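Novice: generate coordinates for the sequence data below:
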Amino acid sequence: MRKYITILAVIIYSTSMVAQTEFDASKFLQTDINGTARYMGMAGSLSAVGGDATAIKDNPAGIGLYKNSEFMATGNMQLQKSKANWYSGTGFFSQSNIGLNGFSFVLVPSSLKKQSKDKKDKKRKRESLFTQSFALSYNKLANFNRKLFIGSNDNATQTSISDYIAYNTGNIKGTDLGSSSVYQNDNAPWISALANKAGLITEIADANSSTWVSSLGNAEKITPSYYASEKGSLNEFSLGWAGSYKNFIHLGLTANIQTLNYSCVGKYSEKMELGGTMDLKDSISTKGTGINFKLGAIVCPNENFNVGISVQSPTVYALKDNSNGQINIDRGTPSTFSTPLAIVEYKLQKMVQFGISAAYMYGEKGLVSGGVDYALNSRARLKSQSGDALYYMSENQAIKDNLKNILRFKIGGEYNINENVTVRAGLAYTTRSTDQNANEFLRQNTKRIDTQYFIGSGNMYESVGAGYHTNKWSVDIAFTNKNLSETFYPYNDNDLSNKNTAGTVKTSVNNIVVSFGYKL
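Specialist: Sure thing, here's the model as predicted:
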């Protein structure tokens, strides 16, 4: 059996059986540059320009810059590729999917009115000073679809996940871990109970205490690999209003309902040097809804220059996790062991977000625009169903320590070749969402079986696009590319004598986007 340099009991305070981690929260707190072809073709830099179905989700005042009532719908084909390197082994996966990015209807009442000849000049002047517009829209804020495979060379390492599980099982007694009611024990990690039943870990007990070690041979090497398939999206349904005064200042407000639907099926595998295989399979699905409000303003001091600012209220999601795990092990005799289905309901509070933007229009020829968005992700909080943040005290401390506030810089341009044809391009950069030294810890009360985590760097977004517009209808297209580099950790080996080598994963996401618009 394997020996450790030191074996310490792990004591982590918490008052609940949990399913969520800070790395899951980080995934749900982030949004993509996603929307209409015009918006994506300019890297989402239309906040101060307005008059676009997706730009109004960044700054609702943009509803006031519509000149005509309009219906817009956008479709998208996404191509995703991931390439991994781990212990000199490589892994590659690609997939594609087609979906709806969003749709909207913007009502500009003044554009539909037929002015009577006998209206008084005074009334017409008053109506022209102040106008109102309304919007109903759906936008896909984030697309979670991804598949990846991370492989390694044969007999790559002496460190096994069974070492990690044994260490973090601490001093739990074997009689408790092997009990038929272990999955009702708030002080036993479910992965420890599952590994014990599968014979991956072994107890060393005396009269006063228990410690645990891996059941593998002392110097036995393993060949690890990891596969994951993620699916789902974060969507937003909005009802908006904007009022404009003298076309100088525009104020807007949206009430938003967000729906989250995420699932991941993962499989961590080990092939043992002395014969045998082990697959640790995990499944997690998260569903829920959240509500927020967004307020925005755009000031147009002259016909060439716009400045915008927006603020989004905290979003409180009511979420439900379903998760379970399974170990398939074959060291001469195939066996399968499973956990029950874990159901956890909780809340996730996303904090305030801010945005500032500016745009310069050079006559009828085109425009240049840019903006900065800021999200206070490190202040996010997990809460119980009743809203108690103390229920998740250790998890919230981990969010504060490991997650970073996000800045997104966006710049784009649009050039009108003639009165009908327009070309566009844009760039955006999003800062990293997690601290580069972040670690995930196995909490004693967790029901989760997955141990892996990813630490991403900042990502670059590039786009080009074009459009054809008439007085009544429009069609726009865009091509975008986003690159993301991540460091992969199968589990946290900080306290183990044998260390893992982290893997690297590079993911590229390309989108081909088409939008159709019709003016009333």
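
Novice: so residue 296 touches residue 62, yeah?
Specialist: Yes - here residue 296 reaches residue 62: they are 7.2 Å apart, a contact under CB atoms under 8 Å. Where C-beta positions appear, they are placed from N, C-alpha and C, glycine not excepted.

Novice: and for the two, which residues touch both?
Specialist: Here residue 296 and residue 62 share the contacting residues 252, 308, scored by CB atoms under 8 Å, 6 or more residues apart in numbering.

Novice: what about residue 385, neighbour count?
Specialist: Other residues lying near residue 385 total 13 when counted by other CB atoms under 10 Å.

Novice: which stretches in the stretch 201-350 of the chain count as strands?
Specialist: Using DSSP state E, counting those that start in this stretch, the strands of the stretch 201-350 of the chain run over residues 201-205, 210-214, 222-245, 249-272, 277-302, 305-312, 315-330, 334-338, 342-350.

Novice: residue contacts, residue 327?
Specialist: Contacts of residue 327 by CB under 8 Å, 6+ apart are 194-195, 197-198, 200, 278-281, 336-338.

Novice: for residue 422, same thing?
Specialist: 366, 414-416, 466-469.

Novice: element containing it?
Specialist: strand 421-430 (DSSP states H and E).

Novice: then residue 28?
Specialist: Going by DSSP H and E, residue 28 is in helix 22-29.

Novice: export that helix to PDB, keeping only CA atoms.
Specialist: Extracted in PDB, the C-alpha atoms of helix 22-29 (Å, rounded to 0.1, in the frame of the first residue of the first chain):
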ATOM      1  CA  GLU A  22     -16.700  28.200  -6.800                       C
ATOM      2  CA  PHE A  23     -15.600  26.900 -10.200                       C
ATOM      3  CA  ASP A  24     -19.200  26.100 -11.100                       C
ATOM      4  CA  ALA A  25     -20.200  29.500  -9.900                       C
ATOM      5  CA  SER A  26     -17.600  31.100 -12.100                       C
ATOM      6  CA  LYS A  27     -18.900  29.300 -15.200                       C
ATOM      7  CA  PHE A  28     -22.500  30.500 -14.500                       C
ATOM      8  CA  LEU A  29     -21.400  34.100 -13.800                       C
END
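
Novice: can I assume residue 57 sits in a helix?
Specialist: Yes - under DSSP: H, G, I helix; E, B strand; the rest coil, residue 57 sits within a helix.

Novice: that one: neighbour count?
Specialist: So residue 57, with other CB under 10 Å, has 31 neighbours.

Novice: tell me how far it lies from residue 89.
Specialist: 42 Å (CB to CB, to the nearest Å).

Novice: try residue 420
Specialist: Remark: distance between residue 420 and residue 89 (CB to CB) = 53 Å.

Novice: picking up where we left off before, now the contacts of residue 327 as a markdown table including distance to residue 246?
Specialist: Output for the contacts of residue 327, formatted as a markdown table (distance: CB to CB, whole Å):
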| residue | distance to residue 246 |
| --- | --- |
| 194 | 67 |
| 195 | 70 |
| 197 | 73 |
| 198 | 72 |
| 200 | 72 |
| 278 | 71 |
| 279 | 67 |
| 280 | 65 |
| 281 | 63 |
| 336 | 72 |
| 337 | 71 |
| 338 | 67 |
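
Novice: ok, back up a step: what about the contacts of residue 422, which one has the most neighbours?
Specialist: residue 414 (25 neighbours).

Novice: show the pLDDT at it.
Specialist: At residue 414, the pLDDT value in this model is 97.

Novice: can you check residue 4 too?
Specialist: 40.

Novice: what does residue 154 give?
Specialist: Note for residue 154: predicted pLDDT of 83.
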